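In: sequence first, predicted coordinates after that:
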Amino acid sequence: LCIYLPLLYPHPPYGVEEPWFSLIDRDKLPKRTPAPDWEKKPSLLKGIFERQKLQGWTEDRWQELRATYYGMCARVDHQFGMLLDTLKETGIYDDTAVFFFSDHGDFTGDYGLVEKTQNTFEDCLTNVPFVIKPPKGVEIQPRVSEALVELIDFPATVEALAGLTPKHTHFG
């Protein structure tokens, strides 16, 4: 069994229904990373900052955008939890390898920007979770790591866990 579940949330346009819209306490959100000295950043970021024209936004407006984004994340967490619950209810959770990851984060107000950019590697875009739950019986050392993760090894890992021998050369 292989389920590939590409959820669009969280992703612009920013918007989420109840109960997730009201779930996030706006007063407890982390502070935004302020706009930097643009001379020390890629000119691409400065150009986007100038063209998005968000400099006039109030902090309350930024908090609302961030809370909506976090609500979108909470909705995904809920949906993912429903999938895990179903795997448990059907008795196949222990036999299942689960990988949960994203291709990028979002500025959501950091640096005075929204959405993402190509070829910039700010923490809010690159510091995204990658969670692995192997099938029962696969020896692991459970941990939380701050190490950089690359997906180059992902196909080889999935093939190994599934007992597949690839018929092609890959570099993972």
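Out: Received it, and whenever you're ready, just let me know what you need. Keep in mind the model is a prediction, meaning the values are calculated, not measured.
In: can you tell me how far the closest residue in space to residue 78 that isn't next to it in sequence is from residue 10?
Out: Leaving aside its sequence neighbours, residue 78 sits nearest to residue 20 (C-beta to C-beta, 6 or more residues apart in numbering; 7.5 Å). For every residue, glycine as well, the C-beta is placed using N, CA and C. Distance, residue 20 to residue 10, by C-beta to C-beta, to the nearest Å: 10 Å.
In: so what sits against both of these two?
Out: Overlap of the contact sets of residue 20 and residue 10 (by C-beta atoms under 8 Å, 6 or more residues apart in numbering) consists of 72, 75.
In: burial count for residue 137?
Out: Other residues lying near residue 137 total 7 when counted by other C-beta atoms under 10 Å.
In: what pLDDT does it get?
Out: Turning to residue 137, the model gives it a pLDDT of 92.
In: please apply the same query to the one 10 residues further on.
Out: For residue 147, the pLDDT comes out at 86.
In: how near is it to residue 101?
Out: Plainly put, residue 147 is 14 Å away from residue 101 if you go by C-beta to C-beta.
In: residue contacts, residue 21?
Out: So residue 21 contacts 68, 71 (C-beta under 8 Å, 6+ apart).
In: going forward, the N-terminal residue is numbered 7.
Out: Shifting the count to begin at 7 puts that one at residue 27.
In: that one falls within a helix, correct?
Out: Yes: counting by DSSP: H, G, I helix; E, B strand; the rest coil, residue 27 is found in a helix.
In: low-confidence ranges, the protein, go.
Out: Along the chain, segments meeting pLDDT under 70 span 178.
In: mind running it again at 80?
Out: Residues of the chain meeting the criterion pLDDT under 80: 7-8, 176-178.
In: for it, just list every one of the helices.
Out: Shown for the chain, the helices assigned by DSSP state H span residues 26-29, 49-58, 65-95, 129-132, 160-168.
In: for the second one, which helices and strands make contact with it?
Out: Translated: helix 49-58. Packing contacts for helix 49-58, counted by 3 or more C-beta pairs under 8 Å, 6 or more residues apart in numbering; DSSP states H and E, involve no helix or strand.
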